[in-house]
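*Asks:* Turn this into a structure:
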Amino acid sequence: MTLTPVRPTRPASATDEFLRGLVARVPGSGGAVWPLTEVYTSDVLVDLPQSTPSDIEQAFATARTAQKKWAATPLKQRLAVFRRAHALFIDRARTIADLIQVESGKNRRMAIEETCDPPMIMSHYLRRAPKLLAPTRRGGPVPLVSSSTEIRVPKGVVGIIAPWNFPFATGISDAIPALMAGNAVVLKPDNKTALSPLYGVQLLEEAGLPRGLFQVVCGEGPDVGPTLIDQANYVMFTGSTATGKVIGEQAGRNLIGCCLELGGKNPMIVLPDADFADAVPGAVFGAFGNTGQICMHIERIYLPESRYEEFKEAFVAKASSLDVRAAYDFGPEMGSLVSVDHMNRVKSHVDDAVEKGATVLCGGRPRPDLGPAFFEPTILEGVTKDMLCGVTETFGPVVALHRYRTVDEAVELANDTDYGLNASVWGKDLRAASAVAARLETGNVNVNDSLATAYAAKGTPSGGVKTSGVGARHGDQGLLKYTDVQNLAVLKKPVMSPRPGQKYEKYVEGMLSGLKMMRRLRIR
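*Replies:* Reported below is the predicted structural model:
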């Protein structure tokens, strides 16, 4: 592990003038500000305005006015904005990555990968949206003389509450299908990571998105969230299970829909026939990618007893040799945690485990010599369910190794959690590995990958089960959730009641005979 302390120079693109221009979009009539800091150095970057309830109400009013015109805009014209934005986002990827790094502290490799998510979402829905949003003719109750058409209409104004771990990917990618469907968006990013989504909104407007349609408000969750939910027609939230329950309860009282991607305690099962040349690097990325701050990252690894020591030795060696440091280039393999507060939370999980008998195989310590919020990649064994990190999401570069005797035992252990967001299975026999994967109680499961394949598959819905969430992003569901369905039914001739002078009994006989005939002919 690289130990050389370094104080990196802020990227040239992140000038004071540029940052002030970004935060000027945020309403803050109360005068309160949040000092947004560079994670690597703790230097204040810019003062972020904090929005008051009246600011949020005004943001929704502005968005609602813009949405009426946007919804009336032909879909082809709406999608043209995102065709232009796709190229623009790729051309500005390096500037976006600069902002992601200065505000979150993640390494540049992960930052540049994050910039690719919105273009991938745009590309997918540019292909699918015309079909998904087109009126669909259905059969009516009586053949030939009746019809029914499914019409997709926008919800109105969608409230999006985005997390700090992938601020650009969630803040912008979750908004794209909502906007394509004809909605407006009011986004609340985390205070710590508001710069990159603010730049994303600026780029969308540069591509032709009408001003006012995509609003951004800022503030701490308890201060901003309730007003945002009360004003929204639909809510998209990514974050903790505890907060998700609060949001779901308020959305339910307001009789609006919500999509919640929540916490996880994601397992990885290594089968006896797994190729460790692939599984070990896969585990390293699964556990330590984005410094362990990925909703779908691996926190529990289950290993066959016969190969436990072999995997442990290779995994510890690989984790111990990771290049961990602060830099705005592609050298480091792991960066910082997002804040000192979060680093202390991760440390408390490790300390609790050690106090209760767990063994640290590598790491386990903060690294203030590298930066204020750095923490070593940490591997534990002997973790039990009476430990914080045995049952609670740690959300940091900490993973526990466990032994199993049979595959059935491994499946039982992997499922022994209230969470169900992501899982991973490794084995050479793909049919056998897929069969194990099918037994896991999780919304996403990867075979011979830790997490990226499932998340990057934009055509398939991605969400959690159990306490890991409700609903999904991606796939057809990821766009259709932002719409309501209008059933336009047409009756050409009044045949759904007795004819004048016809006895009701005779009408009933004809109706029942008709139902039998339609079933026999497979008409209805």
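*Asks:* Which is the succeeding secondary structure element to the longest helix seen in the chain?
*Replies:* If each helix of the chain is counted by residues according to DSSP state H, the longest one is helix 53-72. Downstream of helix 53-72, the first helix or strand assigned by DSSP states H and E is helix 75-91.
*Asks:* residues touching L19, list them.
*Replies:* By Cβ atoms under 8 Å, 6 or more residues apart in numbering, the contact list for L19 reads 45-46, 195. C-beta here means a position set from N, CA and C on the backbone, and glycine is covered the same way.
*Asks:* and if you look at D98?
*Replies:* Neighbours of D98 in contact, by Cβ under 8 Å, 6+ apart: 11, 13-14, 328.
*Asks:* Distance check, it against D91.
*Replies:* Taking Cβ to Cβ, to the nearest Å as the measure, D98 falls 14 Å from D91.
*Asks:* Now do the buried residues in the longest helix of the chain.
*Replies:* Within helix 53-72, the residues that qualify as buried are 53, 55-60, 62-64, 66-67, 70, counting by 16 or more other Cβ atoms under 10 Å.
*Asks:* and which of the contacts of D98 is nearest S321?
*Replies:* Y328 (22.1 Å; Cβ to Cβ).
*Asks:* For that closest one, which residues are in contact?
*Replies:* 8-11, 98, 101, 108 are the contacts of Y328 under Cβ under 8 Å, 6+ apart.
*Asks:* 6 Å - rerun?
*Replies:* Residues near Y328 by Cβ atoms under 6 Å, 6 or more residues apart in numbering: 8, 11, 101.
*Asks:* try G469
*Replies:* 260-262, 463.
*Asks:* hmm, who's touching stretch 273-290?
*Replies:* With Cβ under 6 Å, 6+ apart as the test, stretch 273-290 has contacts from 106, 110, 270, 297-298, 314-315, 318, 334, 377, 397, 399, 426-429, 450-451.
*Asks:* can I get the CA coordinates of it in CSV?
*Replies:* Output of stretch 273-290 as CSV, limited to C-alpha atoms (Å, rounded to 0.1, in the frame of the first residue of the first chain):
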residue,chain,number,x,y,z
ASP,A,273,-14.8,-24.8,-8.7
ALA,A,274,-14.3,-21.1,-8.9
ASP,A,275,-11.3,-19.7,-10.7
PHE,A,276,-9.5,-17.7,-8.1
ALA,A,277,-7.5,-15.8,-10.8
ASP,A,278,-10.9,-14.1,-11.5
ALA,A,279,-12.7,-14.4,-8.2
VAL,A,280,-10.0,-12.6,-6.1
PRO,A,281,-9.8,-9.4,-8.2
GLY,A,282,-13.6,-9.5,-8.4
ALA,A,283,-13.8,-9.6,-4.7
VAL,A,284,-11.3,-6.8,-4.4
PHE,A,285,-13.5,-4.6,-6.6
GLY,A,286,-16.7,-5.7,-5.0
ALA,A,287,-15.4,-4.9,-1.5
PHE,A,288,-13.2,-1.9,-2.1
GLY,A,289,-14.5,-0.2,-5.3
ASN,A,290,-15.5,3.4,-4.6
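*Asks:* and the gap between G382 and L132?
*Replies:* In terms of Cβ to Cβ, G382 sits 50 Å off from L132.
*Asks:* I meant to write K192 there.
*Replies:* 35 Å.
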